[in-house]
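A.B. asks: Next one to model:
(one chain, ligands or ions: 1)
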Amino acid sequence: MVDQIEQTLAGTVAVVTGGGGELGFASARAMARRGASIALVDASEPALERAAAELANLTEVEIIPADVTAESDVERYVSTVIARFGRIDAFHNNAGIEGKSAPLYEYDTDEFDRVMAVNVRGVFLGLKHVMRVMRDQRSGAIVNSGSIASERGSASGPGYVASKHAVLGLTREAAVTGARFGIRVNAIEPGFMDTRMLRTLIDQQTGGGGDAAVAALGGVVPFGRLGAPEEVGEVVAFLLSAAAAYVTGVAVPVDGGLLAKVPRPAD
Ligand SMILES: NC(=O)c1ccc[n+]([C@@H]2O[C@H](COP(=O)([O-])OP(=O)(O)OC[C@H]3O[C@@H](n4cnc5c(N)ncnc54)[C@H](O)[C@@H]3O)[C@@H](O)[C@H]2O)c1
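C.D. replies: Numbering: from 1, shown residues only. This next block holds a predicted model:
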C-alpha cells in the first residue's frame with residue numbers, strides 16, 4: 001500500500017556517468033534539486049568542472065575523471081564515491097558516444113569496436129561494480145541510457161544501434177539479477193533531444209545540414225518539436241526515486257511519441 005508519493009531523493013547519494021554531458025548533467029541537476037548528493041563521472045575534466053560549478057549551490061558534489069571502458073577506472077570511481085559519501089543509492093549509467101555515421105557496409109570496424117566499448121562495456125562495468133555496492137546495501141536504483149536506437153535501426157550507425165540494443169539486454173539481465181537484493185534497473189530511451197550529440201549526428205547524416213536539418217527533424221516527432229535535456233532528467237530522477245518502487249526491467253521512451261508512430265508518406 002503506497003500511502004505517500006515519494007519523489008524526493010533527500011539524503012541519498014547519486015552517481016552519474018557522462019555527468020559532464022548534456023543529458024547526464026540534466027539528470028544530476030534534477031536529482032540535486034530533489035536533495036541527492038551527486039558524484040559526476042566523465043572522461044572530460046573541463047566538462048566535469050563546468051557541471052560541478054553549476055550544481056554547487058544545490059548540493060554536495062564530487063567530480064571523478066574516469067574512462068568508463070577501463071575496469072580499474074570504474075573500480076576507482078566507485079571506491080571514491082564510497083570513501084566520500086559511504087553509499088550509492090541512485091546510479092545513472094549514462095556515458096555514451098554516437099560514433100561516426102556510415103552505412104553498415106562501409107562502417108569502419110575499429111569505429112564499431114570503439115562505440116561498443118563505451119556504450120556496452122562501459123555500461124556493463126558500471127553495472128558490475130555499482131551493483132556489488134547495492135547488493136551489500138540491499139537497496140539501490142539504476143537507470144541505463146538507451147535510445148530510440150534501442151528499438152529501431154537508423155540506416156546510418158550500426159555501432160550505435162547495436163550498442164543501444166545491447167543496453168536493453170543488460171538492463172533486463174541486471175533487473176532480474178538485482179531484484180532479490182532490492183535493486184531496480186531500468187532504461188530510458190531518449191528520442192530527438194536538442195543536444196550536441198543530435199546535432200553532430202544530423203550534420204554527419206546530412207553532410208552539414210545544420211540548424212535547418214535539426215529543425216526539420218522536430219517536424220517528424222508527433223509533438224512537433226525536439227525534446228529538452230531537462231525532460232530526460234526529470235524521468236531519470238523519477239525512475240531513481242521511491243515513486244518508481246515497483247518498476248524494474250523496463251525501458252521508458254522519452255521521445256514525444258516518436259516510437260509510437262507508424263510513418264506515412266503524408267507525414
Ligand atoms: N542527445 C541525444 O539526442 C540522445 C538521444 C538518445 C540517447 N542518448 C544517450 O544519452 C547519453 C548521454 O548523451 P548526451 O546527449 O548527454 O551526450 P554528450 O556527448 O553531451 O555526453 C556524453 C558524455 O559522456 C562522456 N564520455 C564519453 N566517453 C566516455 C568514456 N569512455 N568514459 C567516461 N565518459 C565518457 C563525454 O565526455 C560526455 O561528457 C548517451 O548514452 C547517449 O547515447 C542521447
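A.B. asks: Quick check: which helices or strands does whichever strand or helix holds D203 pack against?
C.D. replies: Secondary structure here is read from DSSP states H and E; on that basis D203 sits in helix 196-206. Secondary structure elements in contact with helix 196-206, counted by 3 or more C-beta pairs under 8 Å, 6 or more residues apart in numbering; DSSP states H and E, are helix 210-218. (Glycine included, C-beta is placed from N, CA and C.)
A.B. asks: quick one: the helix it packs on near the ligand?
C.D. replies: No - legend: contact between helix 210-218 and the ligand by C-beta under 6 Å from any ligand atom is lacking; minimum distance shown is 10.0 Å.
A.B. asks: what's the answer for stretch 226-239, then?
C.D. replies: No - counting by C-beta under 6 Å from any ligand atom, the ligand has no neighbours in stretch 226-239; the shortest distance is 7.0 Å.
A.B. asks: touching the ligand at all, the helix holding D203?
C.D. replies: Yes - judged by C-beta under 6 Å from any ligand atom, helix 196-206 comes into contact with the ligand through 196-198.
A.B. asks: For that helix, list the C-alpha coordinates in PDB.
C.D. replies: Included here for helix 196-206 are C-alpha records, laid out as PDB according to Å, rounded to 0.1, in the frame of the first residue of the first chain:
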ATOM      1  CA  ARG A 196      25.200  18.500 -29.200                       C
ATOM      2  CA  MET A 197      25.000  14.700 -29.800                       C
ATOM      3  CA  LEU A 198      21.900  15.000 -32.000                       C
ATOM      4  CA  ARG A 199      23.400  18.000 -34.000                       C
ATOM      5  CA  THR A 200      26.600  16.000 -34.600                       C
ATOM      6  CA  LEU A 201      24.700  13.000 -35.900                       C
ATOM      7  CA  ILE A 202      22.400  15.000 -38.100                       C
ATOM      8  CA  ASP A 203      25.300  17.000 -39.500                       C
ATOM      9  CA  GLN A 204      27.100  13.800 -40.400                       C
ATOM     10  CA  GLN A 205      24.000  12.200 -41.900                       C
ATOM     11  CA  THR A 206      23.000  15.300 -44.000                       C
END
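A.B. asks: And the closest residue in space to R138 that isn't next to it in sequence, how far from T8?
C.D. replies: Using C-beta to C-beta, 6 or more residues apart in numbering and skipping residues adjacent in sequence, the residue nearest R138 is G182, 5.0 Å away. Computed with C-beta to C-beta, to the nearest Å, the distance linking G182 and T8 is 18 Å.
A.B. asks: Same question for G191.
C.D. replies: When distances are taken as C-beta to C-beta, G191 and T8 turn out to be 28 Å apart.
A.B. asks: And for E189?
C.D. replies: Counting by C-beta to C-beta, the gap from E189 to T8 is 25 Å.
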